[in-house]
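Colleague: Give me a model of this one.
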Amino acid sequence: MNAPGGKITEAIWNTTSSLAYQPYSYSKTLAEKKAWEIYKAKDRWDLVTINPSFVMGPALNPENATSESISVLKQIGDGTMKMGVPKMGVGVVDVRDVAEAHYRAGFTPEAQGRYITSGHSTNFLEMAETLQPKFGGQYPLPKKAIPKWLLMLIGPMVNPAFTRRMLKNNIDIAWDADNSKIKKELGMQFRPMRETMEDSFDNLIASGILLAKK
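Modeller: Numbering: from 1, shown residues only. Got it, this is the predicted structure:
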């Protein structure tokens with residue numbers, strides 16, 4: 001992680017992604033930079049940005065959703081990752097908390113600048129582990145991490161997005177962000193990660209996307 005002290009703050013921008021490397025993250029950075037550029041050229045309105053980490057939580061229409069969060073959760077629960085899950089550092093925030101953050105940013109006159117909106121600094125293995133107590137007996141949830149060396153070997157063949165550069169920079173690397181600004185200035189409190197993960201999993205079960213093993 002390219003951040004002083006290993007902790008992401010609102011002062012830090014993504015400077016490592018590009019069209020060739022993690023283009024999705026790059027698109028988010030370019031979009032926000034353009035928003036701030038437009039804002040600075042005008043004087044008729046204020047701009048506040050909500051910067052969420054990996055958004056989880058129950059989807060309104062999971063059957064037709066194409067989000068990466070649903071894709072990852074489905075692979076955790078349907079056996080795709082039964083033999084192991086990549087221990088990739090990630091921040092997690094509940095979609096309901098993201099909605100609340102937007103509301104507070106819009107109706108708090110003192111709100112200003114950028115707000116990291118992330119409830120938990122975690123990784124994919126820890127996310128899967130939170131599901132074990134409630135769902136481990138019925139679904140083939142992963143219980144261990146895939147070794148980094150093995151991912152480096154087979155990852156690029158399994159998923160084009162798993163380039164060796166991406167795996168080297170993200171696997172077994174802690175992800176840590178400072179969410180103190182949004183807590184202090186907007187009064188945000190974030191749901192426990194287990195609640196977010198269980199509600200997300202229940203959502204996929206109720207929609208028929210995940211089926212219990214017989």
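Colleague: measure stretch 85-104 end to end?
Modeller: For stretch 85-104, the first-to-last residue distance is 35 Å (C-alpha to C-alpha, to the nearest Å).
Colleague: correction: stretch 59-71
Modeller: First residue to last in stretch 59-71 (C-alpha to C-alpha) measures 12 Å.
Colleague: I'd like to check what contacts that stretch. Which residues are they?
Modeller: Contact with stretch 59-71 is made by 54, 55, 56, 95, 200, 203, 204, 207, 208, 209, as judged by C-beta atoms under 8 Å, 6 or more residues apart in numbering. The way it works is simple: take the backbone N, C-alpha and C, and place the C-beta from them, glycine included.
Colleague: shaky segments in this protein?
Modeller: 1-2, 214 (pLDDT under 70).
Colleague: Can you identify each of the strands in it by residue range?
Modeller: Assigned by DSSP state E, the chain shows strands spanning 48-52, 54-56, 89-94, 113-117, 120-123.
Colleague: Reformat those as TSV; add distance to residue 174 and mean neighbour count.
Modeller: Converted to TSV, the strands of the chain look like this (distance: least, C-beta to C-beta, whole Å; neighbours: other C-beta atoms under 10 Å):
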stretch	distance to residue 174	mean neighbour count
strand 48-52	19	18
strand 54-56	14	23
strand 89-94	5	23
strand 113-117	16	21
strand 120-123	7	23
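Colleague: Just put those strands in JSON lines and tack on distance to residue 64.
Modeller: What follows is the strands of the chain, written out as JSON lines (distance: least, C-beta to C-beta, whole Å):
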{"stretch": "strand 48-52", "distance to residue 64": "21"}
{"stretch": "strand 54-56", "distance to residue 64": "17"}
{"stretch": "strand 89-94", "distance to residue 64": "21"}
{"stretch": "strand 113-117", "distance to residue 64": "25"}
{"stretch": "strand 120-123", "distance to residue 64": "27"}
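Colleague: Which one of those strands lies nearest to residue 183?
Modeller: Across the strands of the chain, residue 183 has its closest neighbour in strand 113-117 (9.7 Å, C-beta to C-beta).
Colleague: who wins for neighbours among the contacts of stretch 59-71?
Modeller: Each of these was scored by neighbours using other C-beta atoms under 10 Å; the highest score is residue 56's, at 29 neighbours.
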